[in-house]
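Peer 1: A structural model of the following input is requested.
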Amino acid sequence: MTANSATGTPSWLGAVNDRAGLAVLLEHGPLTRNRIRELVGVSKPTASQMVARLLAGGFIEERGRTSGSQGRSAVVYGARTDRPLGVALDLDAFELRATVVDATGAERPVIRFDLPRDPTERSPVDEVTRAIVEGCAAAGTDPDAVHSVCIGIPGYVDPGETGELFSETLPGWPVRGLRRILEDGLHRSVLIENDVNLAALAEREYGEGADADVFVLLWLGNGVGASFDVAGDLHRGSFGGAGEIGFLPLSVDAAATDPTARTVQDLVGGRAVAQLARQHGIDAGGYHPTRAALAEPGAERTREAVFRDLAERVAHVALPLLATLDPALLVLAGPSSSLGGPAFATEVGRGIRRISRWSPEVVATGVDQDPVLRGARLLLAGRVRDELLDTVATVSLA
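Peer 2: Next up, the predicted model:
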């Protein structure tokens, strides 16, 4: 029987109902059979059959009983989310962070481990495998139940045939065919996404972008990037490189704020933060130790001075983004922005209004903790959920 001829048959209708029943349990949490019936919109006999099939298939389980009127009680059912699973990862040059993802997107423990500094000791398959094993150990789940992974990287992978990797901060990782190499080595589906795009997903769900029609997220850290959210959809570009502004040459006015800078990365990236800190009396070396020094108690006045100077530069960098999309909201995210906080965002907004015709609301990120990982979890949870619901329909039609 073909898929088309199956439409409207009892087995097809049962599959549709079973999928809908599991979907409401994933969305609402544990429910009684009567509540499932109300949400799905089916009769009592149909609801009973649906629950029976989901129980027999191992998709749901009893979660106790609830007391009703006049002492009556009803069984409460909950969706099983121990399979299938995914693992979300966020990595930079020398650290990887990961967490297990189920169909509900519920938070699980986050594991972190350092990566080798010698490129010859790096292996993307080994590193992701370790993340799966350690993430599942922390969550108390079975690694064999992990069918997919989502990896947030500081760069992007061209969606073309070669799958070329554009990143300068993943030493030892192949620059061509990365997704194929990972899928062949892991025997799991692999999604590779730009880290700033994932941070924008988290900002839309949990942060300042929740009520925005359109917003731009400007990521300021050791690297620099941007993401464009248009009515809840990310604009990635034809080749996946939308928002890769770090390598753009500077305008004449922007270059005047630092004659030694040639690109956006030079002007507002990690090098610039370390340089400004030295000018204000903190010489800690590279970006990461400088950021740590600026965060120390007692460094408030120096930090304020550094970010006041950085704000002028960021105002210039933001102009091409504003001219392209003209958003009402500009969100400043990333390690540098988080350190600068709301005061830094206010200074950037003032700078933009002073040097241009644009006047967006400029705010600090509302997602300070693991924004890239949280975005990866959101993206992957949808895929895991779809896989689980598709499995229900397949079993019901068998």
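Peer 1: so where's the stretch 101-250 of the chain shaky on pLDDT?
Peer 2: Within the stretch 101-250 of the chain, no range satisfies pLDDT under 70.
Peer 1: how about the helix or strand encompassing residue 13: buried residues?
Peer 2: Using DSSP states H and E, residue 13 sits in helix 10-28. By neighbour count on 16 or more other Cβ atoms under 10 Å, the buried set for helix 10-28 is 12, 14-26. Any C-beta I mention is one placed from the backbone N, CA and C, and that applies to glycine too.
Peer 1: all helices for this structure, in order.
Peer 2: 3-6, 10-28, 33-40, 44-56, 124-139, 178-186, 195-206, 252-255, 264-268, 270-279, 287-294, 300-325, 335-355, 371-397 (DSSP state H).
Peer 1: of the ones you listed, which stretch is the most buried?
Peer 2: helix 195-206 (a mean of 26; mean count of other Cβ atoms under 10 Å).
Peer 1: that helix packs against which elements?
Peer 2: strand 146-153, strand 214-220, strand 224-230, strand 233-234, strand 329-333, helix 371-397 (3 or more Cβ pairs under 8 Å, 6 or more residues apart in numbering; DSSP states H and E).
Peer 1: need these in a markdown table (columns: distance to residue 319).
Peer 2: Shown next, in a markdown table, are the helices and strands packed on helix 195-206 (distance: least, Cβ to Cβ, whole Å):
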| stretch | distance to residue 319 |
| --- | --- |
| strand 146-153 | 27 |
| strand 214-220 | 11 |
| strand 224-230 | 12 |
| strand 233-234 | 22 |
| strand 329-333 | 11 |
| helix 371-397 | 24 |
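Peer 1: to residue 280, which of these lies closest?
Peer 2: Closest approach to residue 280 among the helices and strands packed on helix 195-206 is made by strand 214-220 (17.7 Å; Cβ to Cβ).
Peer 1: residues contacting residue 262?
Peer 2: Contact analysis of residue 262 by Cβ atoms under 8 Å, 6 or more residues apart in numbering lists 249-250, 255.
Peer 1: check it and give its pLDDT.
Peer 2: If you check residue 262, the pLDDT there is 97.
Peer 1: if we can go back for a sec, looking at the helices and strands packed on helix 195-206, which is closest to residue 77?
Peer 2: When the helices and strands packed on helix 195-206 are compared (using Cβ to Cβ), the closest one is helix 371-397, at 13.9 Å.
Peer 1: pLDDT averaged over that closest one, what's the number?
Peer 2: The model assigns helix 371-397 a mean pLDDT of 91.
Peer 1: between it and strand 329-333, how big is the angle?
Peer 2: For helix 371-397 against strand 329-333, the angle by axes from the mean of the first three to the mean of the last three Cα atoms, to 10 degrees is 100 degrees.
Peer 1: for helix 371-397, name the packing helices and strands.
Peer 2: In terms of contacts (3+ Cβ pairs under 8 Å, 6+ apart), helix 371-397 is packed against helix 10-28, strand 85-91, strand 95-101, strand 146-153, strand 189-194, helix 195-206.
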